[in-house]
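Visitor: no sequence for this one, just the structure:
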């Protein structure tokens, strides 16, 4: 990964391709690279859908290697949803393939002068860009089938659906999985709209004829990778819970903890949780059968295998296994306890190219507004179809929860920096509330996953119902997460890394053996801090202040059952999160 590919879609005469050494971005990968490029090259006050914004696609430092869990892809830009810097993260095959093609990043810049739609093909022989208006408004699954007819089946793809083309701020960017399905999404922040504004419909990647990236010290890398994998497999979360039940194992856990947001954050427990839990989901998938049903990896090299495949009662593919956040957003948040309906909504979100968290929360806000009643699964499916078709109502909903709440006069709108809150109520899990409020990314559970320590007791034990210790917990996890996002590693490695010092050391040893470095744990912390500083500096220049690092008022004013408490971390404490 020694070069950067730039595609100027606004060049005279059509898109222009150029390659350059990584230069000033040497030593950066994943989120570190996307945030560095955005903070250095994108004017903070630019329009997110204008020519000055850039879409940066970057594999991690260990992507394309034999390292386990290294296939996460970072995609960054100025967010049309939040107005600040954004990195969205995805599994699937593209990170591994892009890295083996030798690219540290692909950067889309400029804005086309015409309304043509572009298709990009990249392999070992170079880059080919063609106009292909036959792809206009194709859903992701139909698009990939067309790509198969053109390129065979030995490729992977990064694409947008109709939502991205319509530049909706809930639009995601799809990445294909090992079965060439567009099921993995860099979803948050509306970055699909940025790709839509660049008028790039699909990027097809083919690494045929190329080998895995080779480490500087193969033996030490192999040894460190083995220690790393052993640590993941012996940890109860990454070795047992996630492989068996997927991420949706959290439904019963959060529901019992009273932190499962129900009917637009009006309660902390959902009476139908057991019907849509990971245990019920796994049982359903196993009984229906089919390839990759209850346990499946989203990319080559995954050893946790927390994904799955969801088939309907007749054995027909319905969707990938809905993740915990998806099952919650379209389930308990909307008062829906029908797994088949939730899987159908998951498929529609993936097909139209929509963030499942943003869409589910938006539908819950629409339910609060009386557009359809809570619990109306078929009505929720119809609303997603409205978004995909771009009807007037669909355009409103496709703009996210914040806009939908304003249009329909809803008071309880769960957003921070205009981005919808994920599946944990900050009144019952105070640490995650700190992360929601203060991360530069807008409400994002992955930015500093305090659930690990507040609820699962990984890496220590901080009482989720009390404000004490939450700022330090969120701070440390935000720093660690930023560093992990730079490596291309799946965030779920954090469970084992937090509990097992030898597994953390093995990760550092892998980096050192691959690059011939001598990094220490302090260097990893310094990397995380530097990423967060870049992101916060960009947001400050874009007009963000400490007042934007706050939860909506109802979290501090309205107690939630069953604990009947509010979010209690004070504003002045939130302002100290980044005081290191």
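Guide: Sure thing, it's come through. For clarity, every value in this text was computed on a predicted model and none was experimentally measured. Numbering: from 1, shown residues only.

Visitor: so what secondary structure elements neighbour the longest helix along the chain?
Guide: Taking DSSP state H as the assignment, the helix of the chain that covers the most residues is helix 521-541. When contacts are defined as 3 or more C-beta pairs under 8 Å, 6 or more residues apart in numbering; DSSP states H and E, helix 521-541 packs onto helix 30-41, strand 85-90, helix 470-487, helix 501-515. From N, CA and C alone the C-beta is placed, and that goes for glycine too.

Visitor: so of those, which one's packed in deepest?
Guide: The highest mean neighbour count among the helices and strands packed on helix 521-541, using mean count of other C-beta atoms under 10 Å, belongs to strand 85-90: a mean of 28.

Visitor: walk me through which strands it pairs with, and which way each runs.
Guide: Taking DSSP bridges as the criterion, strand 85-90 sits next to strand 73-78 (antiparallel) in its sheet.

Visitor: in the partner strand, which residues are buried?
Guide: Within strand 73-78, the residues scored as buried using 16 or more other C-beta atoms under 10 Å are 73, 74, 75, 76, 77, 78.

Visitor: which one of these is nearest residue 460?
Guide: In terms of C-beta to C-beta, no member of the buried residues of strand 73-78 lies closer to residue 460 than residue 74, at 27.7 Å.

Visitor: pull up the gap between the residue nearest to the closest one when sequence neighbours are not counted and residue 207, please.
Guide: Counting by C-beta to C-beta, 6 or more residues apart in numbering, the nearest residue to residue 74 once its immediate chain neighbours are dropped is residue 30, at 4.2 Å. For residue 30, the distance to residue 207 (C-beta to C-beta, to the nearest Å) stands at 18 Å.

Visitor: can you give me the buried ones in the longest helix of the chain?
Guide: Along helix 521-541, the positions that meet the burial threshold by neighbour count (16+ other C-beta under 10 Å) are 524-525, 527-536, 538-539.

Visitor: just put those residues in TSV and tack on distance to residue 96.
Guide: Shown next, in TSV, are the buried residues of helix 521-541 (distance: C-beta to C-beta, whole Å):
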residue	distance to residue 96
524	22
525	27
527	22
528	23
529	28
530	26
531	22
532	26
533	29
534	26
535	26
536	31
538	28
539	31
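
Visitor: circling back to that earlier point, contact partners for the residue nearest to residue 74?
Guide: Neighbour list for residue 30: 58, 59, 60, 61, 63, 72, 73, 74, 485, 486, 487, 488 [criterion: C-beta atoms under 8 Å, 6 or more residues apart in numbering].

Visitor: can you list the low-confidence ranges for the stretch 101-250 of the chain?
Guide: Low-confidence segments of the stretch 101-250 of the chain (pLDDT under 70): none present.

Visitor: try 90
Guide: Of all residues in the stretch 101-250 of the chain, those with pLDDT under 90 make up the ranges 178, 236-249.

Visitor: mind listing the strands for it?
Guide: In order along the chain, the stretch 101-250 of the chain carries the following strands (DSSP state E, counting those that start in this stretch): 103-109, 118-123, 126-131, 156-159, 173-175, 184-186, 200-205.

Visitor: nearest to residue 358, out of those strands?
Guide: strand 184-186 (11.1 Å).

Visitor: what about residue 230, distance to residue 497?
Guide: The spacing between residue 230 and residue 497, counted by C-beta to C-beta, is 13 Å.

Visitor: okay, these two: which has more neighbours?
Guide: Looking at residue 230 and residue 497 with other C-beta atoms under 10 Å, you find the greater number of neighbours at residue 497, namely 26 against 17.

Visitor: from what I can see that one touches residue 504, true?
Guide: Yes - in terms of C-beta atoms under 8 Å, residue 497 counts as a neighbour of residue 504; the distance is 4.5 Å.

Visitor: looking at the strands of the stretch 101-250 of the chain, spot the one closest to residue 14.
Guide: strand 126-131 (7.5 Å).

Visitor: helices and strands around the closest one, which ones?
Guide: strand 3-8, strand 118-123.

Visitor: buried stuff in the worst-scoring helix or strand of the chain on mean pLDDT?
Guide: The helix or strand of the chain with the lowest confidence, counting by mean pLDDT, DSSP states H and E, is helix 242-245 at a mean of 82. Of the residues in helix 242-245, those buried under the neighbour-count criterion (16+ other C-beta under 10 Å) are 242, 243, 245.

Visitor: can you list the residues that contact that helix?
Guide: Looking at what lies outside helix 242-245 - C-beta under 8 Å, 6+ apart - the contacts are 249, 278, 279, 281, 282, 294, 295, 304, 305, 306, 492.

Visitor: enumerate every residue touching the last one.
Guide: Contacts for residue 492 were tallied using C-beta under 8 Å, 6+ apart; they are 69, 237, 238, 242, 304, 306.

Visitor: format those residues as JSON lines; extra columns: distance to residue 36.
Guide: Supplementary listing: the contacts of residue 492 in JSON lines, determined by distance: C-beta to C-beta, whole Å:
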{"residue": "69", "distance to residue 36": "23"}
{"residue": "237", "distance to residue 36": "31"}
{"residue": "238", "distance to residue 36": "30"}
{"residue": "242", "distance to residue 36": "31"}
{"residue": "304", "distance to residue 36": "28"}
{"residue": "306", "distance to residue 36": "30"}
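
Visitor: and which of those residues is nearest to residue 141?
Guide: Using C-beta to C-beta, residue 306 comes nearest to residue 141 of the contacts of residue 492, at 22.5 Å.

Visitor: distance of the closest one from residue 390?
Guide: For residue 306, the distance to residue 390 under the criterion C-beta to C-beta works out to 34 Å.

Visitor: who does the residue nearest the centre of the chain bridge with?
Guide: The structure's the chain has its C-alpha centroid closest to residue 89; by C-alpha atoms, centre = their mean the separation is 4.0 Å. Beta-bridge partners recorded for residue 89 (DSSP bridges): residue 74.

Visitor: go through stretch 101-120 and flag the buried ones.
Guide: Along stretch 101-120, these residues count as buried under the neighbour rule (16+ other C-beta under 10 Å): 101-112, 117-120.

Visitor: same check, this time on stretch 284-301
Guide: Neighbour counts over stretch 284-301 (16+ other C-beta under 10 Å) mark 284-285, 288, 290, 292-299, 301 as buried.

Visitor: run the chain-centre distance for that stretch.
Guide: Stretch 284-301 has its average C-alpha position 21 Å from the chain's average C-alpha position, going by C-alpha atoms, centre = their mean, to the nearest Å.

Visitor: ok, stretch 560-573 next?
Guide: Between the mean C-alpha location of stretch 560-573 and the chain-wide mean there is a distance of 27 Å, by C-alpha atoms, centre = their mean.

Visitor: re the thing from before, would you mind giving the helices and strands packed on strand 126-131 as a markdown table with distance to residue 370 added?
Guide: Shown next, in a markdown table, are these (distance: least, C-beta to C-beta, whole Å):
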| stretch | distance to residue 370 |
| --- | --- |
| strand 3-8 | 45 |
| strand 118-123 | 42 |
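
Visitor: would you mind finding the most buried of these?
Guide: Among those, the stretch with the highest mean neighbour count (mean count of other C-beta under 10 Å) is strand 118-123, at a mean of 22.

Visitor: report the angle between it and strand 126-131.
Guide: Computed by axes from the mean of the first three to the mean of the last three C-alpha atoms, to 10 degrees, the angle separating strand 118-123 from strand 126-131 equals 160 degrees.

Visitor: contacts made by strand 118-123 with the rest, please.
Guide: Counting contacts by C-beta under 8 Å, 6+ apart, the residues outside strand 118-123 that touch it are 5, 7, 9, 15, 98, 101, 103, 106, 112, 127-132, 135, 151, 199-208.
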